[in-house]
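K.L.:
structural data only, the sequence is not supplied:
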């Protein structure tokens, strides 16, 4: 069952349970998926990789909005955004811990033969594909910089 199908099933459950907050977040996910499906040149079925990218983008947007609301002392709106983040994250794979991320990236660095910061592109290409949905790109990039910087 794809994430899109699971979201559709969960929308029905949320409607029956009269869970307005969850329903709003689920409808937001469905809307994003439908936008991707109907883009010019899009294929009928969206891949799991694309679904994960859409969900990650949504989480990032909600967190950025929540930070803005928090800085403006709008806790009511902050809480709405964070509740939506929780719902969206249910459909993402578990995030890697820092230790797991470091271990995997060290393996990729060894595999690619990267020795210095200028080799970062080689590592990032493999790492972003392999860790899609399991860690944020920014987090991966920072860790790769740190590991390649300390390799000298």
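P.N.:
Yes, it's here. Treat the numbers as computed from the prediction; the structure is a model and nothing was measured.

K.L.:
next structured bit after the lengthiest helix in the chain?
P.N.:
As assigned by DSSP state H, the longest helix anywhere in the chain is helix 48-71. Remark: after helix 48-71, the chain's next helix or strand is helix 75-89, criterion DSSP states H and E.

K.L.:
tell me which residues in the next helix or strand after that next one are buried?
P.N.:
Toward the C-terminus, helix 75-89 is succeeded by helix 98-112 as the next helix or strand (DSSP H and E). Residues of helix 98-112 classed as buried: 101, 104, 105, 108, 109, 112 (neighbour count, 16 or more other Cβ atoms under 10 Å). The C-beta positions use only the backbone N, C-alpha and C, and glycine is treated the same way.

K.L.:
name the helices or strands packed onto helix 98-112?
P.N.:
Packing contacts for helix 98-112, counted by 3 or more Cβ pairs under 8 Å, 6 or more residues apart in numbering; DSSP states H and E, involve helix 120-130, helix 137-150.

K.L.:
what comes into contact with it?
P.N.:
96, 119, 122-123, 126-127, 130-131, 135, 139-140, 143-144, 147-148, 151 (Cβ atoms under 8 Å, 6 or more residues apart in numbering).

K.L.:
same thing with stretch 22-40?
P.N.:
Contacts of stretch 22-40 (Cβ under 8 Å, 6+ apart): 3-4, 7-8, 10-11, 14-15, 42, 44, 46, 50-51, 54-55, 57-58, 83-84, 87-88, 91.

K.L.:
and those residues, which of them are buried?
P.N.:
Using 16+ other Cβ under 10 Å, the buried ones in those are 3-4, 7, 10-11, 14, 46, 50-51, 54-55, 58, 83-84, 87-88, 91.
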